[in-house]
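**Student:** Give me coordinates for this.
(4 chains)
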There are 4 protein chains.
Amino acid sequence: MPRSNAPDLPGLLSRLNGRMREDDHWGDVAAYIPQLAHVDPHQFGIAVVTADGTCHVAGDSEVPFSVQSITKVFTLAIALGRSGDQLWQRVGREPSGRAFNSIVQLEQEQGRPRNPFINAGAIVTTDEVLGHRPPREALAEIVQFVRAAAGTDDIHINDAVAASETAFGHRNFALAHFLASFDNLKNAPELTLGTYFHHCALEMSVRQLAMAGRFLVDAPGLPRLVSAGRIRRLNALMLTCGHYDGSGDFAYRVGLPGKSGVGGGILAIVPGQASIAVWSPGLNRYGNSHKGTEALAILARQMGWSIF
Amino acid sequence: MPRSNAPDLPGLLSRLNGRMREDDHWGDVAAYIPQLAHVDPHQFGIAVVTADGTCHVAGDSEVPFSVQSITKVFTLAIALGRSGDQLWQRVGREPSGRAFNSIVQLEQEQGRPRNPFINAGAIVTTDEVLGHRPPREALAEIVQFVRAAAGTDDIHINDAVAASETAFGHRNFALAHFLASFDNLKNAPELTLGTYFHHCALEMSVRQLAMAGRFLVDAPGLPRLVSAGRIRRLNALMLTCGHYDGSGDFAYRVGLPGKSGVGGGILAIVPGQASIAVWSPGLNRYGNSHKGTEALAILARQMGWSIF
Amino acid sequence: MPRSNAPDLPGLLSRLNGRMREDDHWGDVAAYIPQLAHVDPHQFGIAVVTADGTCHVAGDSEVPFSVQSITKVFTLAIALGRSGDQLWQRVGREPSGRAFNSIVQLEQEQGRPRNPFINAGAIVTTDEVLGHRPPREALAEIVQFVRAAAGTDDIHINDAVAASETAFGHRNFALAHFLASFDNLKNAPELTLGTYFHHCALEMSVRQLAMAGRFLVDAPGLPRLVSAGRIRRLNALMLTCGHYDGSGDFAYRVGLPGKSGVGGGILAIVPGQASIAVWSPGLNRYGNSHKGTEALAILARQMGWSIF
Amino acid sequence: MPRSNAPDLPGLLSRLNGRMREDDHWGDVAAYIPQLAHVDPHQFGIAVVTADGTCHVAGDSEVPFSVQSITKVFTLAIALGRSGDQLWQRVGREPSGRAFNSIVQLEQEQGRPRNPFINAGAIVTTDEVLGHRPPREALAEIVQFVRAAAGTDDIHINDAVAASETAFGHRNFALAHFLASFDNLKNAPELTLGTYFHHCALEMSVRQLAMAGRFLVDAPGLPRLVSAGRIRRLNALMLTCGHYDGSGDFAYRVGLPGKSGVGGGILAIVPGQASIAVWSPGLNRYGNSHKGTEALAILARQMGWSIF
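**Tutor:** Predicted coordinates for the structure are as follows:
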């Protein structure tokens, strides 16, 4: 049961990058907004920060991409910091067994989303972070948190993406109004959604994202932004709910807590050992990065990193 | 990140046993068959087998109880041994987001159960283990597997419980016929269900169950019945699906792969470190042992055993 | 608004028969049991009994066919005669918005079927007719009722069809066990289903069926088996629920209370004026007779028979 | 089977009014907007226009009330006049088996509402009437149609009610955005909803509403606004879908095509014979007027007016 680091992580990442580029099946990029639809699918990048703080990269490691739902992890951490366990009165923590944007379950559960990683749940979490402040302030806090976690100020919101999400986001507007109809929004749907669309439009490279993920590793040499108990719970939620209706498959094949975004990024955590970011824009049938998932499955196996 | 064993596990178990008995809220026992309804709820037992093979116990550690759904782990291991990944054509591996005996999802998913740990999925798994043999032979294999895992022949099926399940098991008959209507049963519903009800009626003490769980720990000193890769996958499934609609809550609070049974038992695995069995017949609102879950949450925290 | 009989009904039926045979699209016959799958789809028959008791026929009017779900009307009449409005505690009277054999709704509605014409509801109705008698006695009552309504003893159950339904009826077994799990069956599922499968296997020609439908017309010259108030309610149920998930379409296009069967028959009632039976084995996408529905739409329009 | 008018309709209405006021159970008024919540529930009015054009009234027959969903009948008539059967590509005509504002079904049916009388369907119908005009023009057409049907210009929209619906209408905003996410809205959700909320805020007395309903009777002495074929189809839709999830119950008990509104009004049609409007603000569990439904059941029985 080799759970220590393998000797040659840089070489392994380099070979993984080569292997990913050999296979011609890249998956389809998300097409619901032009900014994502026009991304070249033939890209792959990976970055791993180990417990000693070293960052190893391979492939397109410096290209900023739209992190999308991956920010749900950061806003959840902030929301828990602001509200503690009271947050769970507004949102559950069970896998949904449904697509990321399903509204059916929300009706059955009387307006309390199943977990903070499906869209409805992330809208509630954003609403909690928003509180009664102007959206600008809440967004500043979120961006500041992510920059602090990543150790760089060079992380920005792509306003064109946020505007496009707003223009095409009817399903999210439906979810927000539906939440409001159950009295589970503190702010007007437009305000909360504006904040939501903007933090989803954050852009990072895999290097930046792996650095930002360090606060979830819980290793002595890495920055600590939240308590050890909270880290474990965030990781548990990522494991059970981080890949929508493909969470079980990801746990089965990769065996790591992770959160995917429709931009093709995945953040995965090896508790106590490493923060991994991978990116390839083409998606599999669950809406998660096709090559990103493949690469993580191989890496976890070769490094003996599965938590199981 | 203290992931090593704490020095005084026996003392910790003893104090845990005392603490569990102090609180007067024991939960309600399952009432759908007389054999379970008449169990005294004021019982609690725990057993832990560590990587060196030592078994520590506290409380009602030698009382046999009906393991019920916990056998789904053993039948899944056997089914994967017989059929390999072909099994996944008949059953999925995603959390269900539903109660253990829901038939709704089965209609939506065209007769392919979401995972092997909800009843419909376990019926399919049993059907796969049954193959085209007489039920008696399949049951002998299951009992033999459990006895080998536990290292004792003193494990038996309670025929009265099995008979009672048959008499009151209309919901399971509905599920089996429903599966048959989608051509997802190889045997007549009565045959598969007969086998299913009998292996669910196995009785073990927490000592026996913790011993039987050793094959999922993957430690050099413990017996190995399946490959390391399969162990990780069984644990992943237990983490995401092992507690029905309370799986997310269990992962969040306990942070260990586990499988519960309506008889009040829970088997939990600390990968590489320990096999834990706990039993208290009163159930929480998810249908999982109330004090069993509490005890595991405390133990995992005190031992630093969360996988996250 | 011509609501009186048109002068030349025989001529109209003859032309309708010719027109139906001109079009080559006959639809597909039900394929779930061999006895129905082997019926020649190129058949069409129609019979109309008017308020004066005259029976006009055209096409294959003397060929016995499996009436299937159409018997649900007769068993409902008998059940209401036995139990009165108490029946509605066990079954609702709302359109289902679902396929005839859906089990989803049954879970949502806690085992009380939406109406007596979907399979689950008809199983409950049959169970009510069965009471605590041997199935043979209940079946004798049902057959006797149909024969009395039709004014002929030459109506029989096809035992081979009933046996085949039993052999292939996993979905209905699932429904029955599901009802039992909610305590909404008085008899063992096998007993109730045996009775259900047998009365669905009744065979009649359209002439016999139109004659049997006379008791729902409420005209002075026709036999009266139930009260005028009950007639109106049976017709209301046929209008809103008689064609499963195609009931709205049938009401919109035909405008008459009616009940279809998967054997390709339809019984339609013109209150105060006529009983109509039509048969053509090919089905449309709702599982109702394709040419039967077409013919009724034309006939109702030409005769000014829509109740709207 | 007395289907002719009873001799003394005025006396019957007067006695009905008295009987309704004897019983102290008035039901609860709709509470989701202040304008409806503050209506005194102790009111009852009824008006009947017979085939000869005479209007008989009793009770609070001249009090204007918010007709709400009853306008869905008029907008449907207008939409069919504008678009013909093409409308049915955007909305179905089957009973929903669900509450009036359910969003679940809309997800299952991929954004095509089940029928034009549930909220989602009426929003689509409104969108069709709106076309690409300014909402003001579409509203003018709707109001003009209703005034022409009623034969009076003294029918107005209550702007305060419309404003309140807009302020509290999160569920309807959710439905509209959901429709838009399936590309089933031609206009921005705000525009279509603005039009929808305004026509629902029309106010009429039962006298005016019964007069407005004349165009659905299809009698020689009454105004004709749409073809006889379309009348029958509108009536069929009212019968199967006009009372949401209580449509089957209304058909069973009253036996007439009808459309209810949450303001406590019901419009019912006796084909060829009469247009009936009844109003009492207290609602039953389906959201339809409690005393209105009771009164219609008695009136239909005493007059022999059931269409069944």
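
**Student:** residue boundaries of the strands in chain A?
**Tutor:** Here chain A has its strands, by DSSP state E, at A:45-50, A:55-59, A:65-66, A:156-157, A:202-204, A:258-260, A:265-270, A:274-279.

**Student:** What residue, apart from its backbone neighbours, is nearest A:Ala180 spatially?
**Tutor:** The shortest distance from A:Ala180 to any non-neighbouring residue, by CB to CB, 6 or more residues apart in numbering or on different chains, is to D:His170 (4.0 Å). From N, CA and C alone the C-beta is placed, and that goes for glycine too.

**Student:** is it true that that neighbour touches A:Asp183?
**Tutor:** No: if you go by CB atoms under 8 Å, D:His170 and A:Asp183 don't touch, sitting 9.1 Å apart.

**Student:** who's more crowded, the two?
**Tutor:** The residue with more neighbours, out of D:His170 and A:Asp183, is D:His170; 18 against 9, by other CB atoms under 10 Å in any protein chain shown.

**Student:** Could you check the pLDDT of A:Val48?
**Tutor:** We have a pLDDT of 98 for A:Val48.

**Student:** no wait, A:Ser4
**Tutor:** The per-residue pLDDT reported for A:Ser4 equals 49.

**Student:** Check the one 10 residues further on too.
**Tutor:** Reading off the confidence values, A:Ser14 has pLDDT 97.

**Student:** Report how many residues lie close to it.
**Tutor:** 16.

**Student:** what's the distance between it and A:Gln273?
**Tutor:** Going from A:Ser14 to A:Gln273 by CB to CB, to the nearest Å gives 20 Å.

**Student:** A:Leu185 against A:Asp127, yeah?
**Tutor:** Yes: assessed by CB under 8 Å, A:Leu185 is found in contact with A:Asp127 at 5.3 Å.

**Student:** Quick check: neighbours shared by the two?
**Tutor:** In terms of CB atoms under 8 Å, 6 or more residues apart in numbering or on different chains, A:Leu185 and A:Asp127 are both contacted by the residues A:179, A:192.

**Student:** and the nearest residue to A:Ala148 once chain neighbours are set aside, how many neighbours does it have?
**Tutor:** Leaving aside its chain neighbours, A:Ala148 sits nearest to A:Leu225 (7.0 Å; criterion: CB to CB, 6+ apart). For A:Leu225, the neighbour count with other CB under 10 Å is 18.

**Student:** swap in A:Ala99?
**Tutor:** 16.

**Student:** Run through the residues that contact the closest residue in space to A:Ala149 that isn't next to it in sequence.
**Tutor:** Leaving aside its sequence neighbours, A:Ala149 sits nearest to A:Ala212 (CB to CB, 6+ apart; 4.2 Å). Neighbouring residues of A:Ala212 by CB under 8 Å, 6+ apart: A:74, A:146, A:149-150, A:155, A:204, A:267, A:275.

**Student:** Give me the buried subset of those.
**Tutor:** Buried members of the contacts of A:Ala212, scored by 16 or more other CB atoms under 10 Å in any protein chain shown, are A:74, A:146, A:149-150, A:155, A:204, A:267, A:275.

**Student:** what's the most distant pair in those?
**Tutor:** Spatial extent of the buried ones among the contacts of A:Ala212 (CB to CB) is set by the pair A:Ile155 and A:Ser275 at 15.4 Å.

**Student:** How much space separates the residue nearest to A:Ala149 from A:Leu222?
**Tutor:** From A:Ala212 to A:Leu222 the distance is 11 Å (CB to CB).

**Student:** what residues do those two have in common as contacts?
**Tutor:** By CB under 8 Å, 6+ apart, the residues touching both A:Ala212 and A:Leu222 are A:Ser275.

**Student:** residues touching A:Ala210, list them.
**Tutor:** By CB under 8 Å, 6+ apart, A:Ala210 lies in contact with A:47-49, A:55, A:267, A:275-277.

**Student:** Now do the residue of the stretch 51-200 of chain A found nearest chain C: how many residues are near it, please.
**Tutor:** Nearest to chain C, among the residues of the stretch 51-200 of chain A, is A:Gln108, at 9.0 Å (CB to the nearest CB). A:Gln108 has 12 neighbours, counted by other CB under 10 Å.

**Student:** Next up, the contacts around it.
**Tutor:** With CB under 8 Å, 6+ apart, A:Gln108 has these contacts: D:Val104.

**Student:** Let me see the confidence value for it.
**Tutor:** Model confidence at A:Gln108, given as pLDDT, is 78.

**Student:** just A:Tyr32 next, same as before
**Tutor:** On the pLDDT scale, A:Tyr32 gets 87.

**Student:** didn't it look like it was pressed against A:Phe168?
**Tutor:** Yes: counting by CB under 8 Å, A:Tyr32 touches A:Phe168, with 5.9 Å between them.

**Student:** I'd say A:Gly45 and A:Gln208 touch.
**Tutor:** No: counting by CB under 8 Å, A:Gly45 sits too far from A:Gln208 to count as a contact (10.9 Å).

**Student:** Where does chain A get nearest to chain B, which residue?
**Tutor:** The nearest approach of chain A to chain B comes at A:Gly97, 2.8 Å away (CB to the nearest CB).

**Student:** isn't that residue right next to B:Ala99, touching?
**Tutor:** No: using CB under 8 Å, A:Gly97 makes no contact with B:Ala99, being 11.3 Å away.

**Student:** Can you add pLDDT and distance to A:Met238 and give the buried ones among the contacts of A:Ala212 back as TSV?
**Tutor:** What follows is those, written out as TSV (pLDDT from 0 to 100; distance: CB to CB, whole Å):
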residue	pLDDT	distance to A:Met238
A:Phe74	98	12
A:Val146	98	16
A:Ala149	97	15
A:Ala150	98	18
A:Ile155	98	20
A:Met204	98	17
A:Leu267	98	8
A:Ser275	98	12
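
**Student:** Dump these to a markdown table, plus distance to C:Glu22.
**Tutor:** As requested, these are exported to a markdown table (distance: CB to CB, whole Å):
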| residue | distance to C:Glu22 |
| --- | --- |
| A:Phe74 | 69 |
| A:Val146 | 71 |
| A:Ala149 | 75 |
| A:Ala150 | 75 |
| A:Ile155 | 72 |
| A:Met204 | 68 |
| A:Leu267 | 66 |
| A:Ser275 | 73 |
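
**Student:** Name the nearest of the residues you listed relative to C:Trp88.
**Tutor:** A:Phe74 (54.7 Å).
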